[in-house]
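[1] sequence first, then the predicted structure, then my questions.
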Amino acid sequence: MKRRSGFSIKWLFWGFVILILLGIGSFLAIKLEGEPPAVAVDMGGDAFGAEGQFTLSARDPGSGLRRIRVDLTGKDSSVVLLEKSFHAQDFFRGGKVKQMTETIEFNLKSAGMADGEAALRITAVDYAWRDWLGGNRTVINKSILIDTKRPQIRIFSDVHNIEQGGSGLVIYSLNESCPKHGVQAGDFFYQGYPAAEIFGKTDPAVFMAFIALNHDQGRGTDLFLMAEDRAGNRSKAGFPHYIRDARFRQSTIPISDRFLESKLPEFEPLIPDLEEKSLGERFLWINRELRRQNNETFLQVCGKSEPVMYWEEEFLRLPKSARQSSFADHRAYQYDGQIIDHQVHLGIDLAALSRTPVPAANYGKVLFAGPVGIYGKTVVIDHGFGLCSTYSHLSGIDVAEGQMVEKEEIIGRTGITGLAGGDHLHFGMMIQNIFVDPVEWWDRKWIENNITDKIETVRVELRARGLESREQG
């Protein structure tokens, strides 16, 4: 009996020792974990302006965060942008803070940092017992450009007469590379395109921006050039301009059950809660929501325009056609004796014989060829620098996306696809994100006065400046 008792106590003792060793081992495994803190920084670019901010996030789910430090070092000076320490729960349990997010604001002018290349260093340390209790360490180094100077804008085009719903052109140069630059027209922005294809390589670089006024933008609309560089420094520059107000036609479009019964079936798969809607409600959804979606499609397509001047001279109008409606007609839709909707017609309807061949209005590249909801079968042609023409309600399409087309080349036939009440062509012109009045682009004199003569005047000025530089050299 004594032997058995001694034997049991011995094994109990060693079992207890093993449990203690396992506990110590587990504890040390946790405290000696080798996973450094995870650090992420969102700066929105690789340059800092005079003032700004960026976001820093760090996490360490194991032993917890001990400290974070952010240093910015330039050629002759440095500044600590953030230095933060986090308390421990106690000696054994590590840090209280397992993750953090900090918005770091800075003012480099007050800190005495000069423009030029700099290094951003982010250091994060946790409460692990690695490195003789010093903790795991994460170090991130990023190259930064400090730029506290605003970009300089020089305007070359000097006459800008633009009509409500119309188009224009602004030519300018920038003294530095800017990811965002162009013309602000009220709430609309028109990105500038590099114009080396037209003017050749120049120093500083020259840019062009076709601009527009929406049909509801008249006198009093703010028009100015804007440029924002990599560091977020922004400049604005006004330019001489004159805005002519325009008056648009008012018309009433009667909608009958017969028309709806013939047209709505092709749209029914798109209408939500179809069975719960009457004919009139289905029409309203198509005329409002689907129209909005379709117009967004045009904007996305025209956004793919290239900085190449494909077109020449005036744009063609559908031959031997009669105008059925004008640009920006303000339409009231009447159903069952009541006005149920109002919309603005963003193009010109041209009627000829049924299935009349439709020529490309000018040289360009087909950006889109296919159905677009209420507009039916549609072709969109890019003419360069954000300028596009659109051809809708076609009965057939004879071109494909990516195809280069000649002026007068047949791209399709007129038709009644989409929400068309009769065979016709809905022709539109777009500048980036706005439909504009096509009549201007059909007018040779308008194009000369507002586009081509302006380009030639700037070309002559640039040549003169180049000759003058060589003579001085």
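    Cool, got the structure. Predicted, not measured: the structure shown is a model, and the values here were computed from it. Residues are numbered from 1 along each chain as shown.
[2] surely Arg219 is in contact with Ile243?
    Yes. Using CB atoms under 8 Å, Arg219 is in contact with Ile243, at 4.9 Å. Glycine gets a C-beta too; all of them are placed from N, C-alpha and C.
[3] tell me which of these two has more neighbours.
    Taking neighbours as other CB atoms under 10 Å, Arg219 and Ile243 compare with Ile243 leading, 20 against 10.
[4] what segments of this protein are helices?
    2-31, 130-133, 196-199, 257-263, 279-285, 291-302, 438-442, 444-447, 453-472 (DSSP state H).
[5] pLDDT (mean, whole number) over the fifth one?
    Taken as a whole, helix 279-285 has a mean pLDDT of 94.
[6] and what of the first one?
    Over the span of helix 2-31, the pLDDT mean works out to 57.
[7] Ser167: how many residues sit nearby?
    Ser167 - counted by other CB under 10 Å - has 24 other residues nearby.
[8] how many residues are close by Gly232?
    17.
[9] how far away is it from Ile146?
    According to CB to CB, to the nearest Å, Gly232 and Ile146 sit 12 Å apart.
[10] give the residues shared as contacts by these two.
    Ala47 (CB atoms under 8 Å, 6 or more residues apart in numbering).
[11] OK, contacts around Leu387?
    210, 305, 311, 429-431.
[12] got the domain ranges for the protein?
    As assigned by automatic domain parsing, the chain contains the domains 38-146, 153-245+451-472, 250-442.
[13] got the confidence number for Val358?
    98.
[14] hang on, it packs against Gly412?
    Yes. Counting by CB under 8 Å, Gly412 is a contact partner of Val358 at 5.0 Å.
[15] what's the closest non-adjacent residue to Ile374?
    Leu419 (4.1 Å; CB to CB, 6 or more residues apart in numbering).
[16] now do the contacts for the one you found.
    Going by CB under 8 Å, 6+ apart, Leu419 touches 263, 286-287, 374-376.
[17] what's around the nearest residue in space to Val439 that is not next to it in sequence, how many residues?
    Nearest non-adjacent residue to Val439, counting by CB to CB, 6+ apart: Phe327, 6.8 Å away. By other CB under 10 Å, 25 other residues sit near Phe327.
[18] could you check how far Ala128 is from Lys84?
    18 Å.
[19] which one of those two is surrounded by more residues?
    Counted by other CB under 10 Å, Ala128 and Lys84 do not tie: Ala128 has more neighbours, with 26 against 15.
[20] wait, Glu306 sits on Gly384?
    Yes. Judged on CB under 8 Å, Glu306 makes contact with Gly384 at a distance of 6.0 Å.
[21] so those two - more neighbours on which side?
    Neighbour totals were compared for Glu306 and Gly384, and Gly384 leads with 22 against 16 (other CB under 10 Å).
[22] mind listing what that one touches?
    305-311, 364.
[23] how about 6 Å then?
    308-310 (CB atoms under 6 Å, 6 or more residues apart in numbering).
[24] ok, Gly220 - how many residues close by?
    Using other CB under 10 Å, Gly220 has 8 neighbouring residues.
[25] from the contacts of Gly384, which would you call buried?
    Among those, those scoring as buried are 309-310 (criterion: 16 or more other CB atoms under 10 Å).
[26] can I get the contacts of Gly384 in CSV with pLDDT?
    Below are the contacts of Gly384 laid out as CSV (pLDDT from 0 to 100):
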residue, pLDDT
Val308, 93
Met309, 94
Tyr310, 96
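[27] which one of the contacts of Gly384 sits closest to Tyr391?
    Among these, Tyr310 lies closest to Tyr391 (CB to CB), at 15.9 Å.
[28] who touches that closest one in this structure?
    Contacts of Tyr310 (CB under 6 Å, 6+ apart): 363-364, 383-384.
[29] which ones are touching Leu260?
    So Leu260 contacts 279, 283 (CB under 6 Å, 6+ apart).
[30] now Phe327: how far from Arg67?
    64 Å.
[31] in this structure Ser57 contacts Val41, no?
    No. Counting by CB atoms under 6 Å, Ser57 does not reach Val41; the two are 7.6 Å apart.
[32] for the residue nearest the centre of the chain, which non-adjacent residue is spatially closest?
    For the chain, the residue nearest the mean C-alpha position is Gly303 (8.7 Å; CA atoms, centre = their mean). Spatially, and ignoring its direct neighbours in sequence, Gly303 is nearest to Gln432 (6.9 Å; CB to CB, 6+ apart).
[33] okay, now the one you found: neighbour count?
    Residues near Gln432, counting by other CB under 10 Å: 22.
[34] do you know the pLDDT at it?
    Confidence score, pLDDT, at Gln432: 94.
[35] hmm, Asp382 and it touching each other?
    No. Applying CB under 6 Å, one finds Gln432 not in contact with Asp382, separated by 11.3 Å.
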